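1. Turn this into a model:
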Amino acid sequence: MLRVEQAKIALGDFSLAADLVLEQGQRYAVIGPSGAGKSTLLGALCGFVPLQSGQILWQGRDISQDDPGQRPMTMLFQDNNLFPHLTVQQNVGLGLRPDLRLSGAEQAKVLDALRRVGLADHSAKRPAALSGGQQSRAALARVLVQARPLVLLDEPFAALGPALRNEMLDLVAELVAETGAALIMVTHAPEDVRRIADQVVFVAEGRAEAPQPAAALMDNPPPALRAYLG
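-> Residues are numbered from 1 along each chain as shown. Down below sits the predicted model:
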């Protein structure tokens, strides 16, 4: 269980308050207007954005001061964050060792992750030789090898067409179900929420609200969410 207790996140003149609990095995959609602080919230959870006050607890332990690499989570960014000079296999291997000095068992884990995302035949290629969907799959494979209990997605499939985006969402859902990880996904698309989310975290007016059941919330949104959804 990840608990965000009376947290205040500040970036310049912008601030965001959050007080919420994220449970293992649940899939959360983080939605809200542009500029509301959705990506900032994920950055704070991962340790890229410091807390001004409050704390983040993992299984009861305060991880608020831990470096990103020490936290029980991994994050998939909008641009996939692939290194153009490395092969797909090397990019995935970075999820295990930044120096890429992988053992035989670790290399096998990388190849298995590539197989599971459908890139077994593309391991020696560089990112530029891949389609957009294949690049997303490579970035997802790197998340997969890390096997962290929390997987954070910051709109990584926003640039993909609807069919390919749905395919990637289904693949993410399948992979986190296998590992029992919690999924926390920023999205602007209500259809993504209905497709993949169990719970919704609505971010607006300087606050990240506590999670609420996705289906009920989307069917009967409160005024602020209704205004956002149009």
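2. C-alpha from now on. contacts and neighbour counts both.
-> Noted.
3. Tell me the spacing between the nearest residue to Leu42 once chain neighbours are set aside and Pro68.
-> Once flanking residues are discounted, Leu42 sits nearest to Leu152: 7.0 Å by CA to CA, 6 or more residues apart in numbering. Relative to Pro68, Leu152 is positioned 12 Å away (criterion: CA to CA, to the nearest Å).
4. Compare these two (neighbour count), which wins?
-> Taking neighbours as other CA atoms under 10 Å, Leu152 and Pro68 compare with Leu152 leading, 22 against 19.
5. Now that we're looking at Ser39, what pLDDT does it have?
-> pLDDT for Ser39: 90.
6. Can you list the low-confidence ranges for this structure?
-> Applying pLDDT under 70 to the predicted model, the residue ranges of the chain that meet it are 78-80.
7. Where is the longest helix in it?
-> Here the longest helix in the chain is taken by residue count, with DSSP state H as the criterion, and it is helix 162-179.
8. May I have the strands that pair with the helix or strand following that helix, each with its orientation?
-> Moving toward the C-terminus from helix 162-179, the next helix or strand (DSSP states H and E) is strand 182-186. Here the strand partners of strand 182-186, with direction, are listed using DSSP bridges: strand 27-31 (parallel), strand 150-154 (parallel).
9. quick check: angle from strand 182-186 to helix 162-179?
-> Between the axes of strand 182-186 and helix 162-179, defined by axes from the mean of the first three to the mean of the last three CA atoms, to 10 degrees, the angle is 150 degrees.
10. Quick check: chain neighbours aside, which residue is closest to Ala124?
-> In space, and not counting its chain neighbours, Ala124 is closest to Thr87: 5.4 Å by CA to CA, 6+ apart.
11. unless I'm mixing things up, that neighbour is touching Pro127, no?
-> Yes - in this structure, Thr87 sits in contact with Pro127. The criterion is CA atoms under 8 Å, and the distance is 6.9 Å.
12. quick one: which of those two has more around it?
-> For Thr87 against Pro127, the residue with the higher neighbour count under other CA under 10 Å is Pro127, and the figures read 22 against 19.
13. Assign the closest residue to the more buried one other than its chain neighbours to helix, strand or coil.
-> Excluding its sequence neighbours, the residue lying closest to Pro127 (CA to CA, 6+ apart) is Pro84, at 5.7 Å. Assigned with DSSP: H, G, I helix; E, B strand; the rest coil, Pro84 falls in the coil class.
14. residues contacting Pro84?
-> The contact partners of Pro84, taken as CA atoms under 8 Å, 6 or more residues apart in numbering, are Arg126, Pro127, Ala128.
15. From Gln135, how far off is it?
-> Taking CA to CA, one finds Pro84 at 11 Å from Gln135.
16. Need the residues touching each of the two.
-> Residues touching both Pro84 and Gln135 (CA under 8 Å, 6+ apart) are Pro127.
17. That's all I had, so thanks and see you.
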